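S.K.: need a structure here:
(one chain, ligands or ions: 1)
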Amino acid sequence: MAAYCRDHALALRPHVKTHKSLRVASEQVARGAGGLTCATPRETEVMSEVTPDLLLHHPILGSKLQRVMSLPRSANVIVALDSAEAIDRLSDAAQAAERDVGVYVEVDLGMHRVGVQSTDDVIALARRSCERPRLRFAGVTFYPGHIREHVREQQDKFERLRSDLEALLDAMEVAGCPPPVLSGGSTPLAWRAHELPMVREVRPGTYVYNDRTTAEIGACEWDDCALTVLATVVSTAVPGQAVVDAGSKALGREPMRGVEGEGFGALLDHPEVTVQRMSEEHGVLDLSSTSWRPRVGEQVRIVPNHVCVVVHLNDAIHGVRGDEVVESWTVSARGRGAVPAGAGLLG
Ligand SMILES: Cc1ncc(COP(=O)(O)O)c(C=O)c1O
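M.R.: Below you'll find the model as predicted:
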């Protein structure tokens with residue numbers, strides 16, 4: 001990813017929600033990531049050890065504002081948001097903390113999660129962020145999370161995205177407030193970001209480990225799935241199935257997204273075998289489409305549907321070569337972290 005971004009003069013700001021690990025973040029920065037993207041205050045706190053350049057891609061309010069204002073003064077923080085309220089509260093918090101904060105205005109280009117709905121609203125929030133004390137309009141951001149179909153079938157949505165971006169930037173130019181940065185990108189679109197020439201910064205996250213969904217949509221190969229959950233077969237008593245010691249508390253209850261697919265993960269070495277049902281600590285492997293019959297005690301490696309949630313559920317990631325564990329990384333930014341003393345939880 002670093003090489004791709006270098007080749008296409010794109011700034012790489014990987015999303016750390018996938019790994020939540022200082023070790024992986026340090027490698028990303030050493031290989032050329034100019035900054036990091038975070039989703040929670042906890043992630044910004046942990047990742048401030050690795051880089052001063054932090055984008056919090058979440059419209060924070062309340063006690064989260066105080067936490068972000070308590071980051072080391074060396075941290076150059078940008079917050080992505082989509083409302084006048086969020087701008088005003090951020091400005092109030094920044095004034096109280098006597099620090100400057102950047103603002104990305106988020107626009108909705110099809111995902112319909114967050115993001116303002118019109119060009120006029122983008123321009124209005126850009127202007128508001130220029131006017132409010134201690135804030136700096138740092139750019140416009142979008143997340144193309146609605147483009148999740150197989151890479152062969154993305155073209156129509158991709159063309160629509162490109163024309164919407166062109167229209168947005170033209171309008172901002174005419175209004176006299178061109179964004180200093182246009183930030184976008186995701187893993188399913190990672191290798192096509194250069195086809196959106198106006199995008200200056202990309203924020204892929206999942207690419208760092210990949211997962212079953214990413215492989216199924218053709219955005220990576222099965223062999224590119226770097227993270228698996230190691231589980232042990234603990235029961236074969238019920239015919240037609242085997243039970244492993246990894247359930248929803250290890251794998252997450254994440255459906256496949258964008259493409260058809262049964263179950264909550266598939267075996268690395270037997271991709272036709274899926275985790276069909278789960279309890280908290282049990283995963284039921286469906287053996288109906290395989291002649292493979294595991295023994296009790298046998299270990300299997302499960303490629304999860306959605307790796308980011310799995311990382312969040314586990315304390316450590318073990319680096320394995322062959323059968324040897326060569327290093328272990330703590331998932332340092334998992335969880336919510338402590339609220340600083342004196343910071344009210346409400347309000
Ligand atoms: C705002 C934002 N940017 C970037 C990403 C990274 O996307 P992906 O995991 O597809 O690489 C996400 C993922 O949820 C996101 O929410």
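S.K.: which phi and psi does the closest residue to Ala96 other than its chain neighbours have?
M.R.: Take Ala96 and drop its neighbours on the chain: the residue closest to it by Cβ to Cβ, 6 or more residues apart in numbering is Met69, 7.2 Å away. C-beta coordinates here come from the backbone N, C-alpha and C atoms, glycine included. Main-chain torsions, Met69, degrees, to the nearest 10: phi -70, psi -20.
S.K.: wait, doesn't Met69 sit right on Ala93?
M.R.: Yes: if you go by Cβ atoms under 8 Å, Met69 and Ala93 touch, sitting 5.2 Å apart.
S.K.: list the contacts of the nearest residue to Gly35 once chain neighbours are set aside.
M.R.: Nearest non-adjacent residue to Gly35, counting by Cβ to Cβ, 6+ apart: Asp53, 3.1 Å away. When contacts are counted by Cβ atoms under 8 Å, 6 or more residues apart in numbering, Asp53 touches 13, 34-36, 76.
S.K.: now flag whichever of those residues is closest to the ligand.
M.R.: Arg13 (8.8 Å; Cβ to the nearest ligand atom).
S.K.: would you confirm that that closest one contacts Ala193?
M.R.: No: between Arg13 and Ala193 there is no contact under Cβ under 8 Å: 11.8 Å.
S.K.: residues shared between the contacts of these two?
M.R.: What both Arg13 and Ala193 touch, as defined by Cβ under 8 Å, 6+ apart, is the set Val202.
S.K.: so which of those two has more stuff around it?
M.R.: Per other Cβ atoms under 10 Å, whichever of Arg13 and Ala193 has more neighbours is Arg13, with 26 against 23.
S.K.: biggest helix in this structure by residues?
M.R.: helix 155-174 (DSSP state H).
S.K.: could you give the average pLDDT over the very next helix or strand once past it?
M.R.: Where DSSP states H and E defines the elements, the next helix or strand beyond helix 155-174 is strand 182-184. Mean pLDDT, strand 182-184: 98.
S.K.: what is strand 182-184 packed up against?
M.R.: Helices and strands touching strand 182-184, by 3 or more Cβ pairs under 8 Å, 6 or more residues apart in numbering; DSSP states H and E, are strand 135-141, helix 155-174, strand 201-202.
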